[in-house]
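Q: Pasting the sequence and the predicted model now:
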Amino acid sequence: MNSRRITFTLNELVYVLNSTADRLLRANFDITYSQFLFLVTLLSQKNPTPSHLAECLGVSRAAVSQRLSWFQDRNFLKISKVSGNDKNLSLKLTRKGEILATQSADFLEEEFRIIFDHAAFVDLEKLDKTLSQIKSILIQNQESRNAA
């Protein structure tokens, strides 16, 4: 087949972006892209439980639980019990974790924008809007198919 498939192109793009992000984060912050996602997802949530964080990351609760000590040992994460429920945990970034999440996210954004500074034909704001619209359409379609 001679024509490209948009889903393949998008997956290839995401792979290249994630690989580049991983390389940059390892070199500049000594964390992996996966660890970065853990941090920035926690930053965007208000004291989530491990189950909620797992849902946000698209991984199992066990996968989150296995990583908690790594973040806690480096003073990036504070783990406490949910008041009134000794079985549930509440996760919160420490100040050090917040700084790492924010600085690394800002760094990655700047690095990727620098790449596109030389590609005048790419309007990043328009691209972001278009990709957000595509994401919304896909989510709506997925929800409507689940409901049917």
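A: Thanks, I have the structure now. Because the structure is a prediction, the values reported are computed rather than measured.

Q: For stretch 123-141, buried residues please.
A: With burial defined by 16 or more other Cβ atoms under 10 Å, not one residue of stretch 123-141 is counted as buried. Placement of C-beta: from N, CA and C, glycine included.

Q: cool, stretch 79-88 as well?
A: Across stretch 79-88, burial judged by 16+ other Cβ under 10 Å covers no residue at all.

Q: what's the spacing between the residue nearest the centre of the chain and Leu138?
A: Nearest residue to the geometric centre of the chain (Cα atoms, centre = their mean): Leu37, 3.6 Å. Plainly put, Leu37 is 20 Å away from Leu138 if you go by Cβ to Cβ, to the nearest Å.

Q: Equivalent analysis for Tyr33, please.
A: 23 Å.

Q: what do you get for Leu108?
A: Distance from Leu108 to Leu138, by Cβ to Cβ: 24 Å.

Q: Could you list the low-pLDDT ranges of this structure?
A: Under the criterion pLDDT under 70, the flagged ranges of the chain are 1-3, 85-86, 145-148.

Q: 50 - rerun?
A: 148 (pLDDT under 50).

Q: Return the helix or strand containing Gln133 as PDB; C-alpha atoms alone will do.
A: Here Gln133 is covered by helix 124-147, with elements defined by DSSP states H and E. The C-alpha coordinates for helix 124-147 follow below in PDB (Å, rounded to 0.1, in the frame of the first residue of the first chain):
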ATOM      1  CA  LEU A 124       2.800  25.000  17.300                       C
ATOM      2  CA  GLU A 125      -0.300  26.800  18.700                       C
ATOM      3  CA  LYS A 126      -2.400  25.700  15.800                       C
ATOM      4  CA  LEU A 127      -1.000  22.100  16.000                       C
ATOM      5  CA  ASP A 128      -1.700  22.000  19.700                       C
ATOM      6  CA  LYS A 129      -5.300  23.100  19.100                       C
ATOM      7  CA  THR A 130      -5.800  20.600  16.300                       C
ATOM      8  CA  LEU A 131      -4.400  17.700  18.300                       C
ATOM      9  CA  SER A 132      -6.500  18.600  21.300                       C
ATOM     10  CA  GLN A 133      -9.600  18.600  19.100                       C
ATOM     11  CA  ILE A 134      -8.700  15.200  17.600                       C
ATOM     12  CA  LYS A 135      -8.200  13.900  21.200                       C
ATOM     13  CA  SER A 136     -11.600  15.200  22.200                       C
ATOM     14  CA  ILE A 137     -13.300  13.600  19.200                       C
ATOM     15  CA  LEU A 138     -11.600  10.200  19.900                       C
ATOM     16  CA  ILE A 139     -12.600  10.300  23.600                       C
ATOM     17  CA  GLN A 140     -16.200  11.200  22.700                       C
ATOM     18  CA  ASN A 141     -16.300   8.500  20.100                       C
ATOM     19  CA  GLN A 142     -14.900   6.000  22.500                       C
ATOM     20  CA  GLU A 143     -17.400   6.900  25.200                       C
ATOM     21  CA  SER A 144     -20.400   6.700  22.800                       C
ATOM     22  CA  ARG A 145     -19.200   3.300  21.600                       C
ATOM     23  CA  ASN A 146     -18.900   2.100  25.200                       C
ATOM     24  CA  ALA A 147     -22.400   3.300  25.900                       C
END
